[in-house]
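[1] Everything below, folded, please.
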Amino acid sequence: MIDSRFQAISELKMYKIKNIFLDKELLNLEEEILFQLAALNLSEKHLRDKKIGLTVGSRGINNLRLIVVSVIKFLKENGAQPFIIPSMGSHGGATAEGQLEVLESLGITEKSCGVPILSSMEVVKLGETKNGVPVYTDKIGYESDGVIIINRIKKHTDFTAIYESGLSKMSTIGLGNHAMAKTIHSYGVEGLKNHIKDAAEIVFNSGKILFGLAIIEDAYEHTCAIKTVHTHEIISTEPKLLEIANNNLPTLPVDEIDILVINEIGKNFSGTGMDTNVIGRINIKNQQDPLKPMIEFIIVDDLSESSHGNALGIGLADFVTEKLFHKIDFKKMNENTITTTFLKRAYIPMVLKDVHEALKTSIQLLKREDPSDLKLIQIPNTLNLEEMYVSEQVLLDMQGKKHYEVLEQLTYRDIFM
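    So this is what the prediction gives:
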């Protein structure tokens, strides 16, 4: 039965499409950054000879190096001595060396940015929140003359709240290294929802944060807005910026999908390897999955090189390939996963030879009598949703609902065999 059914599916019509999102790309990005920095009215006397740290995390932010270098240029022109602080909690295996590797994979090196990168897991305790949560910050940053918080504002993959991925989270879990990440995550999802704001307020009141630089991207990952925020205004401003960011999120073209094939997962695409908001799966105890999309089977083919073996999020898939499995650095993945406390996200799904075998298994389990109505989508990763392959039924469901362009017509055989 499976052989004859699969023979018919091998001729299934597939289409390479280009989704058309609203392009909000910010032109003259460097000029806008320098304009925003100048608007802070930081005089040269406040910056000259000051050692100032810039937080850089593990996310694959578009234009990251340009943004960081532009801030460095501004600081140097005003006589400061800038340096970079790797700020990514427990990523990079929770080691100073591992975090340097992560930055290098993102194009952030001492050579490319022209400043030292001072990486350490040492922290200083700043105090405790009203609920007794200890707040830590990077020791090197604390001993500097000030820190600039740089981060993208984006919907988080673990929870929904007023403060998700952004300046407050970077100032706490990011800048607080493994110690702070472990502390916040020890409270589970409630820690992320309820303690980030209070912890961030302690960091901001320490006097060590000069200001925040918030980045917002559109559905194409273009930088569509960048804004400097005075430290005392971050708490009140960030929720408004998050609302803007959420309105720009790209999504899959339909809500009901039989099989989703993801070419790559990785930390450079999402903190969870694949964006839970895109795939509709959270896999955290007592947390309800999003109502859409509804996907029967998720197949993952590979792990990005930028992840350095950290396959956190693999547990969100139903099938993975041997290629991906053999790239896993269990020490790095386990350290990151244990810190989050969301252990199921590192559970290993069924491992099959390749995508072809995983698709055959998925199709067999679907027990679909008519293969022509199979809803199949292949995407490069959950961050880049501009171009993808979709089956004919998906294309039919999109008509009149989505803006897209058909680039090429193929068959299942052309893509997967």
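[2] And E190, its phi and psi?
    phi -60, psi -30 (degrees, to the nearest 10).
[3] Kindly apply the preceding question to K375 instead.
    The phi/psi pair for K375 (degrees, to the nearest 10) is phi -100, psi 100.
[4] Show the pLDDT at it.
    pLDDT, K375: 97.
[5] same question, the one 10 residues further on
    The predicted local distance difference test score for L385 is 94.
[6] What residues does it make contact with?
    Residues near L385 by C-beta atoms under 8 Å, 6 or more residues apart in numbering: N19, A219, P250, T251, L252, V278, I379. To be clear about C-beta, it is placed using only N, CA and C from the backbone, and glycine gets the same treatment.
[7] thought E256 was touching D373?
    No: with contact defined as C-beta atoms under 8 Å, E256 does not reach D373; the gap is 11.2 Å.
[8] For V278, see how far away the residue nearest the centre of the chain is.
    Residue closest to the average C-alpha location in the chain (C-alpha atoms, centre = their mean): S270, at 2.7 Å. S270 is 8 Å from V278, where distance means C-beta to C-beta, to the nearest Å.
[9] can you list residues touching both of these two?
    In contact with both S270 and V278: T382, using C-beta under 8 Å, 6+ apart.
[10] low pLDDT regions in this protein?
    Under the criterion pLDDT under 70, the flagged ranges of the chain are 1-6, 159.
[11] care to break it down by domain?
    The chain breaks down by automatic domain parsing into domains covering 2-21+251-416, 29-246.
[12] need the contact list for T337.
    Per C-beta under 8 Å, 6+ apart, neighbours of T337: L312, L343, R345, A346.
[13] mind listing what the last one touches?
    Just to be clear, that refers to A346. Counted by C-beta under 8 Å, 6+ apart, A346 has contacts A311, L312, I314, G315, M333, N334, T337.
[14] quick one: N277 and P290 touch, right?
    Yes: the pair N277 / P290 is scored as a contact, 6.8 Å apart, by C-beta under 8 Å.
[15] out of these two, which sits in the more crowded spot?
    N277 (22 against 14; other C-beta atoms under 10 Å).
[16] That one: helix or strand, and which one exactly?
    Element membership for N277, per DSSP states H and E: helix 276-279.
[17] Just the residues contacting that helix, thanks.
    In contact with helix 276-279 (C-beta under 8 Å, 6+ apart) are residues 155, 157-158, 249-252, 260, 270, 282-283, 290, 293, 295, 298, 316, 382, 385.
[18] Equivalent analysis for stretch 180-193, please.
    89-90, 123, 133-137, 156, 158-159, 161, 172-173, 176, 194-196, 199, 284, 286-287, 339-341.
[19] Which ones among the residues you listed map onto helices?
    Filtering the contacts of stretch 180-193 for membership in helices, criterion DSSP state H, returns N194, I196, A199, T339, T340.
[20] now the helices for the stretch 201-350 of the chain?
    In the stretch 201-350 of the chain, the helices defined using DSSP state H, counting those that start in this stretch lie at 234-246, 276-279, 322-325, 330-340.
[21] just the contacts of L385 now: which is nearest E97?
    For those, the residue nearest E97 by C-beta to C-beta is V278; the value is 31.5 Å.
[22] Can you tell me how far the closest one is from K193?
    On the measure of C-beta to C-beta, V278 and K193 end up 21 Å apart.
[23] who touches I85 in this structure?
    G53, L54, T55, V56, I117, L118, S119, D138, I140, G141, V147, L175.
[24] Looking at strand pairing, list the partners for the fourth one.
    Applying DSSP bridges to V56 gives these bridge partners: P86.
[25] That one: how many residues sit nearby?
    When neighbours are counted by other C-beta under 10 Å, V56 comes out with 27.
[26] cool, and the third one?
    Applying other C-beta under 10 Å, we find 25 other residues in the vicinity of T55.
[27] same thing with the second one?
    L54: 25 surrounding residues under other C-beta under 10 Å.
[28] Also the first one?
    Look at G53: counted by other C-beta under 10 Å, it has 28 neighbours.
[29] For it, pull up the helix or strand it's in.
    Using DSSP H and E, G53 falls in strand 51-56.
[30] by contact count, what packs against that strand?
    helix 64-77, strand 81-86, helix 139-142, strand 146-152 (3 or more C-beta pairs under 8 Å, 6 or more residues apart in numbering; DSSP states H and E).
[31] Let's have those in TSV, adding distance to D414.
    Putting the helices and strands packed on strand 51-56 into TSV (distance: least, C-beta to C-beta, whole Å) gives the following:
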stretch	distance to D414
helix 64-77	35
strand 81-86	43
helix 139-142	52
strand 146-152	36
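[32] Of all these, which one comes closest to G207?
    strand 146-152 (8.6 Å).
[33] and the next helix or strand after that closest one, how far out from the chain's middle?
    Remark: after strand 146-152, the chain's next helix or strand is helix 167-169, criterion DSSP H and E. On the basis of C-alpha atoms, centre = their mean, to the nearest Å, helix 167-169 sits 14 Å off its chain's mean C-alpha point.
[34] contacting residues around I173?
    I173 neighbours (C-beta under 8 Å, 6+ apart): G89, M180, A181, I184, H185, I196.
[35] of those, closest to A39?
    I196 (26.8 Å).
[36] For S391, see how far away that closest one is.
    I196 is 41 Å from S391, by C-beta to C-beta.
[37] same check, this time on L167
    Taken as C-beta to C-beta, the span from L167 to S391 is 41 Å.
[38] In terms of packing, which of the two has more residues around it?
    When L167 and S391 are compared for neighbours, L167 comes out ahead with 30 against 25, by other C-beta under 10 Å.
[39] Pull the contacting residues for that one.
    Here L167 is in contact with I149, N151, I153, A200, G212, A214, V229, I234, E238 (criterion: C-beta under 8 Å, 6+ apart).
[40] picking up where we left off before, which member of the contacts of A346 is positioned nearest S304?
    Of the contacts of A346, the one sitting nearest to S304 (C-beta to C-beta) turns out to be A311, at 9.6 Å.
[41] Please tell me I have it right and the closest one contacts I328.
    Yes: A311 is in contact with I328 according to C-beta under 8 Å; the separation is 4.7 Å.
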